[in-house]
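> Show me the folded form of this:
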Amino acid sequence: MFRNTTRRNTASEAVSLHQDQALNTTMFLLKAFGPTGFLLREDGEVGAVKVSLGDPHVCSCPAFTKEQEPCKHICWVLLRRFRLPREHEYSFQRGLVDRQILEVLHGLHRTKDQRLEDGPSAPGARCQAGSACRKPIGAQDVCPICQEELLEKRQPVCHCRFGCGNNVHISCMKVWADHQRLPGRGDAVKCPLCREDFSSLQLLQEQVRNAAKLFTASEREEPDRHLGVRCQGCRLCPVTGKCFKCTVCSHFYLCEACSKKGAHPQHPFASRTKRSEKWHFVPEDRKDEAMAATPQSADDSIIPAAAGRLPQRVLDRLPTVRVRLGSPLSDVGQQCRVCLQEFGLGQRVRILPCHHKFHADCVDEILRTWNCCPLDGYVLHNHWTRRPGETKSSPSHQAKPPDGDLKDLFVPGVALRDGTPRVRDPRRSAAEGLRGLCADADSPSNKPAAVTRSKGRPQLDLSVGRPESDHAAAAGGT
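Below is the predicted model:
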């Protein structure tokens, strides 16, 4: 079999770069021209490009025209659309012959288990009156437009209501509907898979508006801002840039500047640059930048439990709401971004401090392992963090003293009083007050105050300068 392009054994540097760009870029599949032709549009771009697989591959983008190498659009079709592993020999060739293209189209490069997962869905799909059943979302299910895994990306989804019942990202369906340029809101949007009516344009627009409420401001923060993390050295919150975490002390973090100063040298540390990344071990000599830059084995350096667990007492205090009839949580497009299922009536919805909402059963299982939001990485609990009203000189990580022990709570100039009520003798109190208020007995100008009794309780007569007969009269009157 003759080839128009030479066969490669390894990927070139240019192709490897384009593969990285393809895997880190969101693209939309707007149209298919047969099994090997595709019209793509990159997220954030205005124009579309046309890709054709063959011998050789062809793309209408300027990068391919200049380099004549598989560009990021061709790599996206091979890696995302046909799900070729980037190490597979077909993923970095300049072109594929007919036999190789047939193997890619039939998925022969994939394992048997992977092909079965993409087969017909098991029974148990959710159905609604007058519409097709919604297929359950599997671990390997991808959006047919952006070709990204649904459960991994955790974006709100909708499903084909009058055709195949497959799930598609709501944001991708908006791009797909805009490309169709429907004239009226009542017109039906066609499904990108079965070409049947997906839903009305009006319903899709309502889903887009409601799904936008599921995104919070914390998701728009820069990825190198570690939300909810406070440096225990300089009290910076949140830590920005490279973040270090003690592998022994729970919830003990340092910024890069404090780490270089050698703070907390008694324990080893793990680090990460982005809050979505996993923690990796760092060399014991954290001041040695050359050693810190040395690449480490992914399996040996990753710390699975470095994020810590959320204490059960803290988890129980997180607010929950019950979905009721007429609640905004029951609107179309509102859904849990862990399981991608809608909030049903009577279900408990957990609200995190970053304002994300999930099914309580879905997110509680995650928080028992990771002490952070599964969407934006917001650290929910840190007992080292200073509470409102505390000063820097009074760190909040000190252990709470046992009941009745007040010696560690002494503050100069402030009297502390035990909360236990005390019964004082009234006679002793009156005597102490008498000693403090009576004048000196040797002074002729001062007269001693008289103490009288009223109903068995001593009272102090503070009359000064009155004649002695007046005191006697007052005593006789009582």
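> Could you pull up phi and psi at Val349?
Backbone geometry at Val349, expressed as degrees, to the nearest 10, gives phi -120, psi 120.
> hey, what's it bridged with?
Beta-bridge partners for Val349, by DSSP bridges, are Val321, His359.
> What residues does it make contact with?
Thr320, Val321, Arg322, Val323, Leu329, Cys336, Phe343, Lys357, Phe358, His359, Ala360 (Cβ atoms under 8 Å, 6 or more residues apart in numbering). The C-beta positions use only the backbone N, C-alpha and C, and glycine is treated the same way.
> I'd like to know how far it sits from Cys362.
Distance check for Val349 against Cys362: by Cβ to Cβ, to the nearest Å, it reads 10 Å.
> same thing with Thr216?
Here the criterion is Cβ to Cβ. By it, Thr216 lies 17 Å from Cys362.
> count of neighbours near Asn210?
The tally of other residues near Asn210 (other Cβ atoms under 10 Å) stands at 18.
> That one reaches Gln334, doesn't it?
Yes. Using Cβ atoms under 8 Å, Asn210 is in contact with Gln334, at 5.3 Å.
> low-confidence ranges in the stretch 51-200 of the chain?
Counting by pLDDT under 70, the stretch 51-200 of the chain shows low-confidence ranges at 110-131, 184-186.
> Quick check, Leu254 in contact with Gln232.
Yes. With contact defined as Cβ under 8 Å, Leu254 counts as touching Gln232 (6.3 Å).
> what is in contact with those two at once?
By Cβ under 8 Å, 6+ apart, the residues touching both Leu254 and Gln232 are Ala263, His264.
> between those two, who's got more neighbours?
Using other Cβ under 10 Å, the more surrounded residue of Leu254 and Gln232 is Leu254, with 27 against 23.
> residue contacts, that one?
Contact analysis of Leu254 by Cβ under 8 Å, 6+ apart lists Cys231, Gln232, Gly233, Val239, Cys243, Phe244, Lys245, Cys246, Ala263, His264, Phe269.
> follow-up on the earlier one: type out the PyMOL command that picks the buried ones from the contacts of Val349.
Per 16 or more other Cβ atoms under 10 Å, the buried members of these correspond to this PyMOL selection:
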select buried, resi 323+329+336+343+357+358+359+360
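> Among the contacts of Val349, which one sits closest to Val142?
Among the contacts of Val349, Cys336 lies closest to Val142 (Cβ to Cβ), at 19.4 Å.
> Apart from its neighbours in sequence, what residue is nearest the closest one?
With Cβ to Cβ, 6 or more residues apart in numbering as the criterion, Cys336 has its nearest non-adjacent residue at 4.4 Å, and that residue is His359.
> Next, the contact list for the one you found, please.
Cys336, Val338, Cys339, Gln341, Phe343, Gln347, Arg348, Val349, Arg350.
> if we go to 7 Å?
His359 makes contacts with Cys336, Val338, Cys339, Gln347, Val349, as judged by Cβ atoms under 7 Å, 6 or more residues apart in numbering.
> Provide a list of residue ranges in the stretch 251-400 of the chain with pLDDT below threshold.
In the stretch 251-400 of the chain, residues with pLDDT under 70: 284-308, 383-400.
> you'd agree Gln347 is up against Val323?
Yes. Between Gln347 and Val323 there is a contact under Cβ atoms under 7 Å: 5.1 Å.
> can you map out the helices along the stretch 1-150 of the chain?
13-23, 62-67, 72-76, 98-105, 112-117, 150-153 (DSSP state H, counting those that start in this stretch).
> distance of Leu53 from Trp176?
Leu53 is 22 Å from Trp176, by Cβ to Cβ.
> Ser259 too?
For Ser259 relative to Trp176 (Cβ to Cβ), the value is 47 Å.
> Ok, Thr10 next?
The value you get for Thr10 to Trp176, if Cβ to Cβ is used, is 37 Å.
> How about Glu103?
29 Å.
> higher neighbour count, the two?
Trp176 (23 against 14).
> before we move on, what SS does the more buried one have?
At Trp176 the chain is in helix, as set by DSSP: H, G, I helix; E, B strand; the rest coil.
> Contacts only, for it.
Listed by Cβ under 7 Å, 6+ apart, the contact set of Trp176 reads Leu30, Ile145, Pro192.
> of these, closest to Glu221?
Ile145 (26.7 Å).
> if I read this right, the closest one contacts Cys191, doesn't it?
No. Look at Ile145 against Cys191 with Cβ under 7 Å: they stay out of range, at 10.7 Å.
> Report whether the expected contact of Leu318 with Arg350 is present.
Yes. Using Cβ under 7 Å, Leu318 is in contact with Arg350, at 5.9 Å.
> between the two, which one's more packed in?
Neighbour tally, Leu318 and Arg350, criterion other Cβ under 10 Å: the higher count belongs to Arg350, 20 against 17.
> check contacts around that one.
Contacts for Arg350 (Cβ under 7 Å, 6+ apart) come out as Leu318, Thr320, Phe358, Ala360, Val363, Asp364.
> cutoff 8 Å now
Applying Cβ under 8 Å, 6+ apart to Arg350 gives the contacts Leu318, Pro319, Thr320, Lys357, Phe358, His359, Ala360, Val363, Asp364.
> in which helix or strand would I find Gln232?
In the assignment (DSSP states H and E), Gln232 maps to no helix and no strand.
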